[in-house]
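> predicted model and sequence follow; I will ask about them next.
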Amino acid sequence: MFRAENLKFSYGKKEILKGISFEINSSDIVSILGPNGCGKTTLLKIMLGFLKPTEGKIYFDNKEIHKIKPKELFQKVAYIPQIHDGAFGYLVKDVVLMGRMPYKTLFSNYNKYDKEITLKALDTLGILELKDEIYTTLSGGQRQLVLIARAITQQADIFIMDEPVNGLDFGNQYKLLNKIKELSKKDLTFIKTSHYPDHVFFVSNEALFLDRGKILEKGDPNLIIREENIKRVYNIESKITTVYNRKVCLAM
């Protein structure tokens, strides 16, 4: 799916990514870990074609990202940003319907099929009853589910999510993570950034550890999220242990 070759990126003279290479396969749940400013969000923007690397190349389905037409890319890849307030009070069903835009021409209207997909996406996420609610009045957890529903209406296979649990309370964090696990069983791929090792253990089968613009390690979270790596990346002592058959990372 995605393949990066020696990616480098700078904002002016500030070097953010310093030559990283990796591959991401289909049906994976991949978490990108690292401290603030290490390049997580920048990497996502490069993968989406929003930014062009200073050096190196990023491929999707063996094509260079910048050579793929946005409309073609976003029929396969959906972007779910961090929770935002939104500028306008759209109804939930209208926000979700916007996911059909990659299939529309400039002056075409949404049709019956688009609206059916919209309602099905809302039902899949268990939020059909919110369809006539105003998006900006919803809780953070509900908004994030609405954005996922919008991505589902794109009929995309890959979901790129920037800190999806940011701003959610404890319960909604795990409701969202469980929904990601459930959807991944339908051959969907999730690539997300995270600040929480516990969440990575809980939901991901692959992790990519960024440290100072480089990949420290990539692989099974159970193998690469280790106390020495936590110390190196976050400069904090930790204890990784197992509670009720689940790995957790405790700050010391």
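That came through fine.

> can we go C-alpha only for contacts and neighbour counts from here?
Noted.

> residue ranges in the stretch 101-250 of the chain under the pLDDT threshold?
Regions of the stretch 101-250 of the chain meeting the criterion pLDDT under 70 cover residues 106.

> all the helices of it, residue numbers only.
In order along the chain, the stretch 101-250 of the chain carries the following helices (DSSP state H, counting those that start in this stretch): 112-124, 140-153, 170-184, 197-203, 221-224, 227-234.

> among these, which comes closest to Pro81?
Taking C-alpha to C-alpha, helix 140-153 is the member of those nearest to Pro81, at 8.2 Å.

> contact partners of the closest one?
The list of residues contacting helix 140-153 from outside it, by C-alpha atoms under 8 Å, 6 or more residues apart in numbering, reads 78-80, 83, 92, 95-100, 114, 117-118, 121-122, 125, 127, 135-136, 159, 164, 167-169, 172-173, 176.

> buried subset of these?
78-80, 83, 92, 95-100, 114, 117-118, 121-122, 125, 127, 135-136, 159, 164, 168, 172-173, 176 (16 or more other C-alpha atoms under 10 Å).

> hmm, back to that, out of the helices of the stretch 101-250 of the chain, deepest packed?
The densest packing among the helices of the stretch 101-250 of the chain, expressed as mean neighbour count by mean count of other C-alpha atoms under 10 Å, is seen in helix 140-153 with a mean of 24.

> isn't Lys52 up against Ile46?
Yes. Counting by C-alpha atoms under 8 Å, Lys52 touches Ile46, with 5.9 Å between them.

> is Asp246 bridged to anything, and to what?
Slight slip there: residue 246 is Arg, not Asp. Here Arg246 sits in beta bridges with Val243, as judged by DSSP bridges.

> how close does it sit to Pro197?
According to C-alpha to C-alpha, to the nearest Å, Arg246 stands 12 Å off from Pro197.

> angles on the backbone of the nearest residue to Thr193 once chain neighbours are set aside, please.
Spatial nearest neighbour of Thr193, chain neighbours left out: Ile32 (4.6 Å); criterion: C-alpha to C-alpha, 6 or more residues apart in numbering. Backbone torsions of Ile32, given as degrees, to the nearest 10, read phi -100, psi 120.

> now do Ile32 against Asn245, distance only.
Between Ile32 and Asn245 the computed distance is 23 Å (C-alpha to C-alpha).

> neighbour count: these two, which is higher?
Ile32 (25 against 7; other C-alpha atoms under 10 Å).

> contacts only, for the more buried one.
Taking C-alpha under 8 Å, 6+ apart as the definition of contact, the neighbours of Ile32 are Lys40, Ile191, Lys192, Thr193, Ser194, Ala207, Leu208, Phe209, Leu210.

> how many neighbours does the last one have?
What it means is Leu210. Leu210, neighbours per other C-alpha under 10 Å, totals 21.

> show me what contacts it?
Ile32, Leu33, Gly34, Pro35, Cys38, Gly39, Lys40, Leu216, Glu217.

> which of these fall within strands?
The subset of those located in strands under the criterion DSSP state E comprises Ile32, Leu33, Leu216, Glu217.
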